[in-house]
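**Q** model the structure of this input:
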Amino acid sequence: MAGGKVILVWFRNDLRINDNEVLTEAVNKADAVLPVYCFDPFYYRVTSFGTQKTGNFRARFINESVADLRQSLKNLGGELLIRVGDPAMIIPELAQQYQVSEVYHHREVAFEETSISAKVEAALWKLKLNLKHFIGHTLYNKEDLPFPIKDIPDAFTTFRKKVERDSQVRLCAVSPTKIKTPEITDAGEIPTLADLGLTEPFDDERAVMRFVGGETEGLKRLYNFSGTENQDKVTQVSPALGADFANTMSVWLSMGCISPRQIYWEVQQYEKANGSNALTHAIVLELLWRDYYRFMFKKHGDQFFQKEGFKGQAPPEAANQDELFEKWKTGQTGVPFIDAVMREINATGYTSIRGRQNAASFLAKDLQVNWTCGAAYFEEKLIDYSPATNWGNWAAIAGVGNDPKENRSLNVIKQAGEIDPKGQYVKLWVPELSVISGKQIHTPFFLTPAELAVYGIQLGVDYPKLIIEPKWQKLADKNASIF
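**A** Residues are numbered from 1 along each chain as shown. Below you'll find the predicted structure:
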């Protein structure tokens, strides 16, 4: 664009207009802004674990989020340029084509994402162009923390207390009201899931909700949570069954369709008018956990992706772990609550926080399967996957991450009884056991042959036999760190 400054805004996991400092800064400092999103084949490949880097539920959510971002930009007079390929090639090419003066983007923390940024930065440097990094994925900016990254406490409780006491959450960035883009001859099309090597997901009617991608849906969910009948319903329903606001917002947070600060200040506004409650406390706590693991990734790097974590020793592994892992993935372990959780994940791309905790603990502690396999499987399946939250929590549950109590395990049977006391959740996802009443549905392996006969159930025929010895009554009943 002759005679004017053009700033290229490289969108990644920040697919929003509001509280997007990158976009606001670019609009304020440039004569024209070139918004770009790259569908990077790296994220649609098969991993070394044999899993998809991105499963079809999340891929659909991403596509919808990109489409929503494009429409929002158009509403402000702009456009979103879409390309498929390696950003390290695409971004420099576009920078040259549109005579870009500078490139802006949000900094990531996991090593794969930072490696991609480094390659783009190196390619731009050859063109004497700067890649400017912004921080927009956390509630607290790292500059506002009461300690440097290297000294962040490894215990979440210590981190939380110090941050809440000594740091302030910044206000949201002012949203642009108008965006001018250079003249674009080929804006590009959003690839189909088939183009990305994936199939269209099937929407199971048992899902807690149909997660629609994009800032529009995320804001709708955010602004509707307070003062509505839905809030009362959410606080009363089983966490495993309900569309819990504190949990489900993680889906829109994962792709940056909304920001942590937007949620925080909406909660503050609600509490000012109505007072705090268990739900508002849970929401802010979730945001702090997200911050914590992102900062832990800055501190400990790729150790979170190693079996040994940063404890230096990997957990024990079963000799037949491939067989056990397959049964866990497919919901055929013989533990009804765990099977229900895994079947829900497979069918919908989502499950509750406590469901994830128990499934992870069962795999790592009870089955003694390599926990990184489970983390990779969640990476493929979960709509709300983000590297720091997923891998950080798996490492903690496996005992090689941020957990002040060594070798803790969940009593998954007792947990199931607390989460799903009437067995409604298990009946929904393990219908072959639906005739069993009450909490007995969680322990069919403790029923006598005569009792099973009354229900017309034969273990090993109608429902799998338990694949390990039931020893949960001996395990500590303490919650692992949250997802």
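
**Q** got the contact list for the longest strand seen in the chain?
**A** Longest strand in the chain, counting residues (DSSP state E): strand 32-39. Residues from elsewhere that reach strand 32-39 (CB atoms under 8 Å, 6 or more residues apart in numbering): 1, 4-12, 15, 23, 26-27, 66, 69, 73, 78-87, 90-91, 94, 98, 100, 179-182, 184, 190-191, 196. For the C-beta atoms, the positions are set from N, CA and C on the backbone; glycine is no exception.

**Q** just the buried residues out of the residues you listed, in PyMOL syntax.
**A** Buried members of the contacts of strand 32-39, defined by 16 or more other CB atoms under 10 Å, are picked up in PyMOL with:
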select buried, resi 1+6+7+8+9+10+11+12+15+23+26+27+66+69+73+78+79+80+81+82+83+84+86+87+90+91+94+98+100+179+180+181+182+190+191+196
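
**Q** in helices, which of the contacts of strand 32-39 fall?
**A** 23, 26-27, 66, 69, 73, 87, 90-91, 94 (DSSP state H).

**Q** next SSE downstream of the worst-scoring helix or strand of the chain on mean pLDDT?
**A** Within the chain, no helix or strand scores below helix 229-236, which has a mean of 39 by mean pLDDT, DSSP states H and E. As assigned by DSSP states H and E, the chain's next helix or strand after helix 229-236 is helix 245-254.

**Q** what separates the helix or strand just after that following helix from the chain centre, distance-wise?
**A** Next helix or strand after helix 245-254 toward the C-terminus (DSSP H and E): helix 260-274. Centre-to-centre, helix 260-274 and its host chain are 22 Å apart (CA atoms, centre = their mean, to the nearest Å).

**Q** what sits against residue 215?
**A** Residue 215 touches 15-18, 65, 68-69, 72, 252, 257-258, counting by CB under 8 Å, 6+ apart.

**Q** which pLDDT value goes with it?
**A** Reported pLDDT at residue 215 in the predicted model: 98.

**Q** how about residue 403?
**A** Model confidence at residue 403 (pLDDT) stands at 65.

**Q** since we're on the closest residue to residue 262 other than its chain neighbours, how many residues are nearby?
**A** Nearest residue to residue 262 in three dimensions, chain neighbours excluded: residue 19, at 5.2 Å (CB to CB, 6 or more residues apart in numbering). By other CB atoms under 10 Å, 23 other residues sit near residue 19.

**Q** swap in residue 259?
**A** 26.

**Q** again, but for residue 186
**A** Neighbour number of residue 186 under other CB under 10 Å is 8.

**Q** against residue 94, how distant is it?
**A** 11 Å (CB to CB, to the nearest Å).

**Q** for those two, list the residues in contact with both.
**A** By CB under 8 Å, 6+ apart, no residue touches both residue 186 and residue 94.

**Q** alpha carbons of stretch 385-401, as PDB, please.
**A** Taking Å, rounded to 0.1, in the frame of the first residue of the first chain, the C-alpha atoms of stretch 385-401 are listed here in PDB:
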ATOM      1  CA  TYR A 385      -7.700 -28.500  24.200                       C
ATOM      2  CA  SER A 386      -4.800 -26.100  25.000                       C
ATOM      3  CA  PRO A 387      -1.300 -27.300  25.500                       C
ATOM      4  CA  ALA A 388      -0.500 -25.800  28.900                       C
ATOM      5  CA  THR A 389      -3.800 -26.800  30.500                       C
ATOM      6  CA  ASN A 390      -3.900 -30.300  29.100                       C
ATOM      7  CA  TRP A 391      -0.300 -31.400  29.500                       C
ATOM      8  CA  GLY A 392       0.200 -29.500  32.700                       C
ATOM      9  CA  ASN A 393      -2.700 -31.200  34.400                       C
ATOM     10  CA  TRP A 394      -1.900 -34.600  33.000                       C
ATOM     11  CA  ALA A 395       1.700 -34.300  34.400                       C
ATOM     12  CA  ALA A 396       0.300 -33.300  37.800                       C
ATOM     13  CA  ILE A 397      -2.000 -36.200  37.900                       C
ATOM     14  CA  ALA A 398       0.700 -38.600  36.800                       C
ATOM     15  CA  GLY A 399       2.800 -37.300  39.700                       C
ATOM     16  CA  VAL A 400       5.600 -35.700  37.600                       C
ATOM     17  CA  GLY A 401       4.300 -32.100  37.500                       C
END
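
**Q** off-centre distance for it?
**A** 11 Å.

**Q** residue 103 versus residue 463, what's the distance?
**A** Taking CB to CB, one finds residue 463 at 55 Å from residue 103.

**Q** could you find the closest non-adjacent residue to residue 51?
**A** residue 380 (4.2 Å).

**Q** for the one you found, helix, strand, or coil?
**A** Secondary structure for residue 380, judged by DSSP: H, G, I helix; E, B strand; the rest coil, is helix.

**Q** in the protein, which spans are strands?
**A** 6-11, 32-39, 81-84, 102-106, 131-134.

**Q** so for the last one, mean pLDDT?
**A** So that's strand 131-134. 96.

**Q** strands paired with that strand, and their directions?
**A** Partners of strand 131-134 in the sheet, by DSSP bridges, are strand 102-106 (parallel).

**Q** got the angle for the strand it pairs with vs strand 6-11?
**A** In terms of direction (axes from the mean of the first three to the mean of the last three CA atoms, to 10 degrees), strand 102-106 departs from strand 6-11 by 20 degrees.

**Q** hmm, who's touching strand 102-106?
**A** With contacts defined as CB under 8 Å, 6+ apart, strand 102-106 is touched by 7-14, 22, 25-26, 91, 95, 117, 120, 124, 129-137, 256.

**Q** one more time with 6 Å, if that's ok
**A** By CB atoms under 6 Å, 6 or more residues apart in numbering, the residues outside strand 102-106 that reach it are 7-10, 14, 22, 26, 124, 130-132, 134, 136.

**Q** tell me the contacts of the residue nearest to residue 251 when sequence neighbours are not counted?
**A** Leaving out its chain neighbours, the residue that sits closest to residue 251 by CB to CB, 6+ apart is residue 384, at 4.3 Å. The contact partners of residue 384, taken as CB under 6 Å, 6+ apart, are 250-251, 254.

**Q** and with 8 Å instead?
**A** Counted by CB under 8 Å, 6+ apart, residue 384 has contacts 250-251, 253-254, 350.

**Q** what's the closest of those residues to residue 202?
**A** Minimum distance to residue 202 across these is 14.0 Å, recorded for residue 350 (CB to CB).

**Q** quick one: pLDDT of that closest one?
**A** 95.

**Q** I'd assumed residue 204 was in contact with it.
**A** No - Residue 350 is beyond contact range of residue 204, at 10.4 Å (criterion: CB atoms under 8 Å).

**Q** of these two, who's got more company?
**A** residue 350 (23 against 14).

**Q** residues contacting that one?
**A** 57, 207-208, 211, 248, 251, 344, 382-384.

**Q** residue 7 against residue 95, yeah?
**A** No - counting by CB under 8 Å, residue 7 does not reach residue 95; the two are 10.1 Å apart.

**Q** which among the ones in helices among the contacts of strand 32-39 gets closest to residue 292?
**A** Of all these, residue 292 sits closest to residue 23, with 26.5 Å by CB to CB.

**Q** residues in contact with the nearest residue to that closest one once chain neighbours are set aside?
**A** Leaving aside its sequence neighbours, residue 23 sits nearest to residue 9 (CB to CB, 6+ apart; 5.7 Å). Going by CB under 8 Å, 6+ apart, residue 9 touches 22-23, 26, 33-36, 103-105.
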